[in-house]
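Student: model this:
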Amino acid sequence: MSGTIAIDLAGKAAIVTGGTRGLGRAIAAALADVGAKVMVCGRNAPDDLPAGVEFLAADIRDRDAAKGLVDATVERFGRLDIVVNNAGGSPAAEAATASPRFFDSILKLNLQAPMYMAQAAYPHMLAAGGGSVINIASVSAIRPSPGTAAYGAAKAGLLNLTQSLAQEWGPHGIRVNAIIAGLMQTENAEATYGDQAAQDAVGKSMPLQRMGTGEDLAGAVLWLCSDLASWVSGARINVDGGGERPYFLDLVKGN
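Tutor: As a prediction, the model looks like this:
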């Protein structure tokens, strides 16, 4: 294979949940840049959006709202080819004292909402003969997540959901994959990692010497929903800069 390989999604339509800011906004902008028509959602309208990106208000933790978002997008664009389940997150909470209401809210956002979106997209993708669902997971799904146990459990469930849907829907040409996002710099990075000096130290501790960005995540999304990944389904793609350094290595050196 020689020459330049370009990803072209002209004529495709996509939804990016949580696409009004942060990582989701970067994903939405990247999809629009390669020709896709892109709808993003959130509970509140943003002040602005990247070129080629449209907005619908929706609380996708509600199944009917998720279906309404999908149906309205299909009505607007005439089709639906790509769903990126990006909306998620969790504040810190000690597992011993987290309330049932808190636990339920984290599961709804990080696990149930992606399921509702996938279910709503399914008939449209089935009628079109295929589609791509990409679930944005987290390293919290594959290692202990102290302080955010409910979030880690929900994201672990999302990885299993990804593989199960890939098995069920593959015969219909619908590919379902997950991206395991590592330590990322977002507008909330200070609340998670500390001030800029702390963030720089975290980045230097990683093999590629920096934390991830929305553009890093968007690149993996573009590949997964393109024809270049036409035989990739049920995959868990780590976008984590090489992973977190095992703490015991510093301990055995006396650091």
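Student: Residues in contact with stretch 84-104: which ones?
Tutor: Here stretch 84-104 makes contact (C-beta atoms under 8 Å, 6 or more residues apart in numbering) with 14-19, 23-24, 27, 31, 41-42, 60, 106, 109-110, 113-114, 117-118, 133-136, 138, 147-151, 154-155, 158, 188, 221, 225. C-beta coordinates here come from the backbone N, C-alpha and C atoms, glycine included.
Student: Keep only those of those residues that are in strands.
Tutor: Among the contacts of stretch 84-104, DSSP state E puts 14-17, 41-42, 133-136, 138 in strands.
Student: Including distance to Phe102 and neighbour count, could these go into CSV?
Tutor: Formatted as CSV, the ones in strands among the contacts of stretch 84-104 follow (distance: C-beta to C-beta, whole Å; neighbours: other C-beta atoms under 10 Å):
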residue, distance to Phe102, neighbour count
Ala14, 31, 28
Ile15, 27, 33
Val16, 26, 32
Thr17, 21, 27
Cys41, 23, 26
Gly42, 21, 19
Val133, 27, 28
Ile134, 27, 27
Asn135, 22, 27
Ile136, 21, 27
Ser138, 18, 28
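Student: Mind picking the lowest-pLDDT entry from these?
Tutor: In terms of pLDDT, the lowest of the ones in strands among the contacts of stretch 84-104 is Gly42, showing 90.
Student: How about that one, nearest residue that isn't a chain neighbour?
Tutor: Leaving aside its sequence neighbours, Gly42 sits nearest to Thr20 (C-beta to C-beta, 6 or more residues apart in numbering; 4.4 Å).
Student: Show the contacting residues for that neighbour.
Tutor: In this structure, Thr20 makes contact with 40-42, 44-46, 49, 55, judged by C-beta under 8 Å, 6+ apart.
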